[in-house]
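Visitor: please work out how this folds:
(2 chains)
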Amino acid sequence: MGGYLGTLVTSMLEDEPWVGALAGIDADPPRHRLKRTTFHRIRPGEHDRAVETIVDFDPHIVVYMGVWEPDARAAPSAAAALTDEASTTVLGAAAECSSLESIIIRSGIEVYGRAKRSPTRPSESSRRRPTSDWGRSVENIERTALTVGERVGVTIGTLRLAPVLGRHVPSPLGRFLRQPVVPFSALADPPFAVIEDRDAARAFVAAARQRLAEPLNVVAPGAITVRQAAHRGHRLTLPLLGPEWLIARPASYLLGAPIPDHVHELLHRGRLADGSRIESVLGLAPESSTTDVIDSLYSWPSVIHRPAQRQVA
Amino acid sequence: MAALGNVIDFPARQLAGVGSAASDALSGAAADAAAAAGAVVRSVRFDDAGEVDDWGRDPALVSTVIALSQLRWDIATGGFDALPKRSGALVVTNARRFALAPIYTAFALTTALDRPVRFVGRPDDAPVGPFLRRIGGLLDRPDELEAALRGGDIVVIGAAPHTRPRGVGVVDHALVGAAVAANVGVYPAATTSSPFARHARIEIGRRIPASKTRRGPLAELELADRLRDQIHRLLDEMGDIPTGTPLDWLPFSGLGRH
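Guide: Sure thing, here's the model as predicted:
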């Protein structure tokens, strides 16, 4: 819950009347001030402390969001290791809690993969065939959670999020699109969909409230291509045919917007998913469409200057 | 003399008239094409809506491609009133190799119904696949078709290509099964076009209900067979099919032009 999305979900859960005690674990402190949540700063490797904390709290519902997207907050190898370690620790500890009824986990639509002739808009029933490191990471989390659910008899709700963009959410896709010059695949320029952080957080809260027990895609309506997105943000677009990506990727890395393999896949094969079931299952619909989120992406300031509340010098 | 000339058609003037009539007849096709080209130029839009729909279809690009396609096809569409106004439907057409029947049928229905109509059969390789996706193409996967139909789209699929103009190939029962699973109407459509002329014709038949007695995949197989028969019947009702060649001038052909 230390990440921005985790903190947002926690602050929304604090306002829910059905929520009793709240406790959160993360390696980083929460990004917002929380009113009634007990926060435990535990690194992913500290298995014993995590198990002890979770078992002592004995939750009814675990909302698990401990995923590190490659090149968002950590390099791809570190992100994969942290994600794997955290999921094993927290979900393993949750399995020891006698009162546990439901686990809600964060996954991504990258879990469907974008292999040749894979569905253009996979639904929840589509086969999981991840074709990127990030997709394989979230698939591992889903598999671990399902195993835990079967062994201890609790329901598992999986929210497969489209790429999350938000004012403060670290996202390799967001950084890539905000560059002054945006390269795109001239031969493909495929469409993709995203989800705004607030809509994603609302989905987690609704899933916890309803004890979601199935996978669900969380995708903003509509889609956009990279060229269209860059035009909306008044960025220069640079059409690339193929081999130039060997130069574009390191150049983008040097400019502060690394392109991990799942974003590279998105740029060449697109990333859509069928998010039509969320309304019937959770009773909510994303408030922002994909184009709204992209427009917001370009209007969010890079640095927000806040004057000090109290001058001390 | 000038007044007399107004009363009597001198041979020279008549000859000139004959000459101009002949040149009019000869240039008729060219003038027709020029008029179509002018209409296309007027209707082509180069504005970019800046977004695509949930399946990656670009409405601005589609309207441009439809306008350009009028240079190739002059389509007469009939029977489209039978199609639903809002809900999903599957339209199955006959197809000939390289005739692009599902594509021009989707374009014609888009124009006639003023709502997005997709077609099945795009490849998944760049650059053709992404381009066809932008103009409404779907992969020929039953799950993809079912999702589009459930979403309330009208989707056109083609039967297997056939070499004879009046021939109808096998209808993929797996794709028809997607419509049965999505619980939407299935409509046959007969299409004729010529590789040498612009005239094309599409006739949509009445909805064919799925069998209520079958509970298993036999329902789809039987529905696919009935679709094939119905498309045959529609083609027969359309009369002779123009080829766009001098063969149409022969007495046993060329009577079915719209």
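
Visitor: I figured A:Q228 hits B:E51, correct?
Guide: Yes: in this structure A:Q228 lies within contact range of B:E51 using C-beta atoms under 8 Å: 6.1 Å. For the C-beta atoms, the positions are set from N, CA and C on the backbone; glycine is no exception.

Visitor: so which bits of the stretch 101-250 of chain B are right by chain A?
Guide: Counting by C-beta under 8 Å from any C-beta of the partner chain, the residues of the stretch 101-250 of chain B lying close to chain A are B:124-127, B:129-130, B:133, B:138-139, B:141, B:143-144, B:147, B:150-151.

Visitor: go through those and flag which are in strands.
Guide: Residues of those located in strands (DSSP state E): B:L138.

Visitor: now for the residues of the stretch 101-250 of chain B next to chain A: which two are most distant?
Guide: Longest distance between any two of those is 29.4 Å, between B:P127 and B:R150; criterion C-beta to C-beta.

Visitor: which of these two has more residues huddled nearby?
Guide: Legend: neighbour count by other C-beta atoms under 10 Å in any protein chain shown for B:P127 and B:R150, higher for B:R150 (17 against 13).

Visitor: quick check: chain neighbours aside, which residue is closest to that one?
Guide: B:A182 (4.7 Å; C-beta to C-beta, 6 or more residues apart in numbering or on different chains).

Visitor: and for the one you found, the neighbour number?
Guide: 21.

Visitor: got the contact list for it?
Guide: B:G88, B:E146, B:L149, B:R150 (C-beta atoms under 8 Å, 6 or more residues apart in numbering or on different chains).

Visitor: where in the stretch 1-150 of chain B is pLDDT low?
Guide: Along the stretch 1-150 of chain B, segments meeting pLDDT under 70 span B:1-49.

Visitor: only whichever of the residues of the stretch 101-250 of chain B next to chain A are buried, select them in PyMOL.
Guide: To isolate the buried ones among these in PyMOL, judged by 16 or more other C-beta atoms under 10 Å in any protein chain shown, type:
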select buried, chain B and resi 124+126+129+130+133+138+139+141+143+144+147+150+151
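
Visitor: what parts of chain A come near chain B?
Guide: Residues of chain A lying near chain B (C-beta under 8 Å from any C-beta): A:116-117, A:119-121, A:123, A:125-126, A:185, A:187-191, A:193, A:221-225, A:228, A:231-232, A:268, A:270, A:272, A:274, A:276, A:290-291.

Visitor: what about the helices in the stretch 101-250 of chain A?
Guide: Using DSSP state H, counting those that start in this stretch, the helices of the stretch 101-250 of chain A run over A:133-152, A:172-177, A:197-209, A:226-232, A:245-254.

Visitor: pull the residues that contact the shortest one.
Guide: Think helix A:172-177. A:69-72, A:163, A:165, A:182, A:194, A:226, A:229-230, A:233, A:235, A:252, A:256-260, A:263, A:266, A:294, A:297-298.

Visitor: buried subset of the residues you listed?
Guide: A:69-72, A:163, A:165, A:182, A:194, A:226, A:229-230, A:233, A:235, A:252, A:257-260, A:263, A:266, A:294, A:297.

Visitor: all helices for the stretch 151-258 of chain B, in order.
Guide: Here the stretch 151-258 of chain B has its helices, by DSSP H, counting those that start in this stretch, at B:173-182, B:218-237.

Visitor: the stretch 1-150 of chain B too?
Guide: Going by DSSP H, counting those that start in this stretch, the stretch 1-150 of chain B shows helices at B:2-7, B:11-26, B:28-43, B:59-69, B:101-113, B:128-134, B:142-150.

Visitor: just give me the closest of the residues of the stretch 101-250 of chain B next to chain A to B:P165.
Guide: B:L138 (26.4 Å).

Visitor: the closest one and B:V120 touch, don't they?
Guide: Yes: with contact defined as C-beta under 8 Å, B:L138 reaches B:V120; the gap is 5.0 Å.

Visitor: what residues are shared contacts of these two?
Guide: B:L145, B:V155.

Visitor: so what pLDDT did A:Q311 get?
Guide: We note a pLDDT of 75 for A:Q311 in this prediction.

Visitor: secondary structure element for it?
Guide: Taking DSSP states H and E as the definition, A:Q311 sits outside all helices and strands.

Visitor: A:V67 now?
Guide: Of the helices and strands defined by DSSP H and E, none includes A:V67.

Visitor: could you measure it against chain B, distance?
Guide: Distance of A:V67 to chain B, given as C-beta to the nearest C-beta, to the nearest Å: 25 Å.

Visitor: likewise for A:G20?
Guide: 39 Å.

Visitor: got the contact list for the residue in the stretch 151-258 of chain B that chain A sits nearest to?
Guide: Closest contact between the stretch 151-258 of chain B and chain A, by C-beta to the nearest C-beta, is at B:G151 (6.7 Å). Listed by C-beta under 8 Å, 6+ apart, the contact partners of B:G151 are A:S276, B:D54, B:G88.

Visitor: closest to A:A208 out of these?
Guide: Looking across these and measuring by C-beta to C-beta, the closest to A:A208 is A:S276, at 21.6 Å.

Visitor: count of neighbours near that closest one?
Guide: So A:S276, with other C-beta under 10 Å, has 17 neighbours.

Visitor: spit out the contact partners of it.
Guide: By C-beta under 8 Å, 6+ apart, A:S276 lies in contact with B:R150, B:G151.

Visitor: also A:V182?
Guide: Residues near A:V182 by C-beta under 8 Å, 6+ apart: A:F176, A:V226, A:R227, A:A229, A:A230, A:G233, A:R235, A:L236, A:T237, A:L238.

Visitor: distance to B:I103 for those - can I get that in a markdown table?
Guide: A markdown table is the format used below for those (distance: C-beta to C-beta, whole Å):
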| residue | distance to B:I103 |
| --- | --- |
| A:F176 | 34 |
| A:V226 | 26 |
| A:R227 | 24 |
| A:A229 | 28 |
| A:A230 | 29 |
| A:G233 | 33 |
| A:R235 | 33 |
| A:L236 | 34 |
| A:T237 | 28 |
| A:L238 | 31 |
